[in-house]
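**Student:** here is a sequence together with a model predicted from it:
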Amino acid sequence: MRIQRGSPIGSCAVGGWQDAEALAYAELLYEWHLRHGRQWPQSQCAGCGELIADHRALTLTDGNQVHFESIDCVLLYGDSWRAAAAAALHRLGLDPPPGITR
Ligand SMILES: [Zn+2]
């Protein structure tokens, strides 16, 4: 069975078809990242690239670490891995749904 836009079964109780597309694309990005994303050395921050050294680190679900003291590192890393995943998916012909940048 194929679910098409506008069909009652395609409606999402939370936010509709566009939200479902956005969630599916976000899941696709994350799956690509988990399978193919860069693994940083445990001694290095995946956000800013500097050594963790004596700083506190936050270990992320993908196993990489970022500096804990600054929110910038985790934000930089999030932007970075999503951009890499989006570029790889684009090369495969998979682009984000309309209105979604990443
Ligand atoms: Zn950092």
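**Tutor:** Looks like it arrived, so ask away.
**Student:** need the residues of this protein near the ion, please.
**Tutor:** Applying CB under 5 Å from the ion, we find that the chain lies next to the ion at 45, 47-48, 67, 73. Using the backbone N, CA and C atoms, a C-beta is placed for each residue, glycine as well.
**Student:** now do 8 Å
**Tutor:** 45-50, 52, 55, 66-67, 70, 72-73, 76 (CB under 8 Å from the ion).
**Student:** nearest to Ala84, of those residues?
**Tutor:** For the residues of the chain next to the ion, the closest approach to Ala84 (CB to CB) belongs to Ala46, at 11.5 Å.
**Student:** ok, now which ones touch the closest residue in space to the closest one that isn't next to it in sequence?
**Tutor:** In space, and not counting its chain neighbours, Ala46 is closest to Asn64: 3.9 Å by CB to CB, 6 or more residues apart in numbering. Asn64 makes contact with 38-40, 46, 77, according to CB atoms under 8 Å, 6 or more residues apart in numbering.
**Student:** measure Asn64 to Leu28 for me?
**Tutor:** Distance of Asn64 to Leu28, computed by CB to CB, to the nearest Å: 20 Å.
**Student:** how close does Leu75 get to the ion?
**Tutor:** Distance of Leu75 to the ion, computed by CB to the ion, to the nearest Å: 10 Å.
**Student:** please apply the same query to Tyr25.
**Tutor:** The gap separating Tyr25 from the ion is 27 Å, by CB to the ion.
**Student:** before we move on, what about Gly37?
**Tutor:** According to CB to the ion, Gly37 and the ion sit 17 Å apart.
**Student:** I'd say that residue and Ala84 touch.
**Tutor:** Yes - the criterion here is CB atoms under 8 Å, and Gly37 meets it with Ala84 at 6.7 Å.
**Student:** and stretch 93-102, which residues are buried?
**Tutor:** Residues of stretch 93-102 classed as buried: Pro96 (neighbour count, 16 or more other CB atoms under 10 Å).
**Student:** contacting residues around Ser43?
**Tutor:** Counted by CB under 8 Å, 6+ apart, Ser43 has contacts 51-53.
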